[in-house]
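In: next comes the sequence, and after it the predicted model I'd like to discuss.
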Amino acid sequence: MVAKLREHLSTCQPTVYIFMTAQLIDGNTIAAKVRARVAEAVQARLAAGKPRPGLATVLVGDNPASQVYVRNKRKACAEVGIESFGYELPKTATQVEVEALVAQLNADPRVHGILVQLPLPEGLNEERVLNAISIYKDVDGFHPVNIGKLSMKGREPLFVPCTPAGCLALLEDAGARFKGANAVVLGRSNIVGLPVAMLLLHRDCTVTICHSRTKDLPAICRNADILVAAVGRAEMVRGDWVKPGAYVIDVGINKIPDATKKSGSRLVGDVAFDEVKEVAGYLTPVPGGVGPMTIAMLLQNTLRGAEHADCAG
Ligand code: NDP
């Protein structure tokens with residue numbers, strides 16, 4: 001009888017859930033902590049007579065969003081004592097010219113990190129430009145060698161892409177337990193989805209990667225202890241897709257119309273925040289979640305590049 005009851009219970013789905021409002025994972029505060037640590041380490045380097053870390057930014061063309069991103073990155077560098085060197089090329093720049101600039105920066109000892117702002121203007125081969133960056137200065141972590149090492153067991157890439165590293169830092173700060181957790185990553189892009197999935201795998205999660213051809217996303221998501229949404233679809237993840245108590249990281253940045261705003265629009269993530277906050281245990285807001293972490297991780301990677309250069313002599 002007891003055995004029968006046990007068997008019955010083991011197949012039962014829980015019918016009562018206690019819904020609580022999720023705890024917000026505050027990316028601004030966590031990023032500020034990272035930046036403060038980097039600033040401290042930079043000061044310690046200088047006091048020890050070591051060179052100031054340097055980041056070179058390469059902006060090709062006049063994409064206004066890219067100009068803002070580069071400006072913000074350089075401002076963040078200045079705030080933590082990292083020197084930034086801004087290089088701008090016209091949108092008519094040739095492949096040879098862009099690669100020649102990268103080669104010049106590879107050889108410049110003041111530069112410990114090279115950031116080529118993407119997307120590049122049409123006609124330029126992005127893959128070839130990224131391949132040209134020295135793997136020791138690849139602070140975006142997009143070089144195939146660094147991504148390859150990230151995808152292999154027992155290998156350590158020198159740099160991990162910034163947004164994925166930021167997602168992991170947010171989960172760690174929120175106290176997520178990785179070992180054996182079911183992690184679901186929505187999106188498989190080279191810059192977010194794929195590297196996030198690899199990082200979670202290295203932390204001993206059981207990882208499911210979903211994409212535009214995945215069948216029955218809600219059912220897969222409901223099994224996730226950790227859910228990372230990086231699809232670029234406004235508020236796609238609904239409340240009833242989420243396991244009660246799950247850690248939910250919303251990477252998406254989507255602009256939607258909002259007549260109540262002066263600008264006529266507002267930013268939302270890939271997660272329906274108001275619904276999901278009633279179910280998840282922990283949740284990142286948009287804005288103020290993953291976004292601030294991306295730049296903080298870039299600063300951390302630049303510092304790492306400088307530390308690597310110390311060892312390499
Ligand atoms: P991509 O467009 O490169 O990749 C999107 C991924 O989502 C693809 O793998 C795609 O599948 C998948 N996808 C698209 N639609 C669906 C769907 N309906 N169901 C399931 N999967 C789907 O985007 P990114 O990875 O570059 O960026 C994702 C989001 O993150 C964007 O909103 C972007 O703005 C944001 N972002 C935020 C950053 C930050 O700092 N906070 C930094 C970088 C990005 P498939 O491969 O089959 O096409």
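Out: Ah, there it is.

In: so what touches the host helix or strand of Val70?
Out: When elements are assigned from DSSP states H and E, Val70 belongs to helix 64-80. By Cβ atoms under 8 Å, 6 or more residues apart in numbering, the residues outside helix 64-80 that reach it are 35, 38-39, 42, 55, 57, 59, 83-84, 86, 115, 117-119, 295-296, 298-299, 302. C-betas here are computed from N, CA, C, even on glycine.

In: and the residues you listed, which are buried?
Out: Neighbour-count burial (16 or more other Cβ atoms under 10 Å) applied to the contacts of helix 64-80 gives 35, 38-39, 42, 55, 57, 59, 83-84, 115, 117, 295-296, 298-299, 302.

In: farthest-apart pair in the residues you listed, please.
Out: Farthest pair in the buried ones among the contacts of helix 64-80 (Cβ to Cβ) is Ala39 and Leu59. Separation: 24.8 Å.

In: pull up the gap between the residue nearest the centre of the chain and Ile253, please.
Out: Nearest residue to the geometric centre of the chain (Cα atoms, centre = their mean): Thr163, 1.2 Å. The gap separating Thr163 from Ile253 is 10 Å, by Cβ to Cβ, to the nearest Å.

In: can you check Ala76 too?
Out: 18 Å.

In: which one's more surrounded, those two?
Out: Ala76 (20 against 17; other Cβ atoms under 10 Å).

In: near the ligand, which residues of the stretch 51-200 of the chain show up?
Out: Counting by Cβ under 6 Å from any ligand atom, the stretch 51-200 of the chain comes close to the ligand at Thr163, Leu186, Gly187, Arg188, Ser189, Ile191, Val192, Gly193.

In: try 5 Å this time
Out: Thr163, Gly187, Arg188, Ser189, Val192 (Cβ under 5 Å from any ligand atom).

In: now render those residues as a markdown table, adding secondary structure and distance to Asp108.
Out: Listed next are those as a markdown table, based on DSSP: H, G, I helix; E, B strand; the rest coil; distance: Cβ to Cβ, whole Å:
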| residue | secondary structure | distance to Asp108 |
| --- | --- | --- |
| Thr163 | helix | 26 |
| Gly187 | coil | 35 |
| Arg188 | coil | 35 |
| Ser189 | coil | 30 |
| Val192 | coil | 29 |
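
In: which of those has the largest number of neighbours?
Out: Val192 (27 neighbours).

In: can you get me a residue count around Ala56?
Out: Taking other Cβ under 10 Å as the criterion, the count of residues near Ala56 is 26.

In: what about the helix or strand containing it, average pLDDT?
Out: Element membership for Ala56 (DSSP H and E) is strand 54-60. Summarised as a single mean, pLDDT over strand 54-60 is 98.

In: from the contacts of helix 64-80, which land in helices?
Out: When DSSP state H is applied, the contacts of helix 64-80 are split such that Arg35, Val38, Ala39, Val42, Ile295, Ala296, Leu298, Leu299, Thr302 fall in helices.

In: ok, and the closest non-adjacent residue to the fourth one?
Out: Leaving aside its sequence neighbours, Val42 sits nearest to Gly81 (Cβ to Cβ, 6 or more residues apart in numbering; 4.0 Å).

In: who's in contact with that neighbour?
Out: Per Cβ under 8 Å, 6+ apart, neighbours of Gly81: Ala39, Val42, Gln43, Leu46, Arg52, Pro53.

In: could you report the neighbour count for the residue nearest to the last one when sequence neighbours are not counted?
Out: Beyond its immediate neighbours in the sequence, the residue positioned closest to Pro53 (Cβ to Cβ, 6+ apart) is Ala306, lying 3.7 Å away. By other Cβ under 10 Å, the residues close to Ala306 number 21.

In: what's the pLDDT at Ala306?
Out: 98.

In: tell me which helix or strand it sits in.
Out: helix 290-312.

In: tell me the angle of that helix relative to helix 64-80?
Out: Helix 290-312 and helix 64-80 are oriented at 60 degrees to each other (axes from the mean of the first three to the mean of the last three Cα atoms, to 10 degrees).

In: and helix 290-312, which residues are buried?
Out: Across helix 290-312, burial judged by 16+ other Cβ under 10 Å covers 290-306, 309.

In: which strands or helices does it pack on?
Out: Packing contacts for helix 290-312, counted by 3 or more Cβ pairs under 8 Å, 6 or more residues apart in numbering; DSSP states H and E, involve helix 27-47, strand 54-60, helix 64-80, strand 113-116, helix 162-173.

In: highest mean neighbour count out of these?
Out: strand 113-116 (a mean of 27; mean count of other Cβ atoms under 10 Å).
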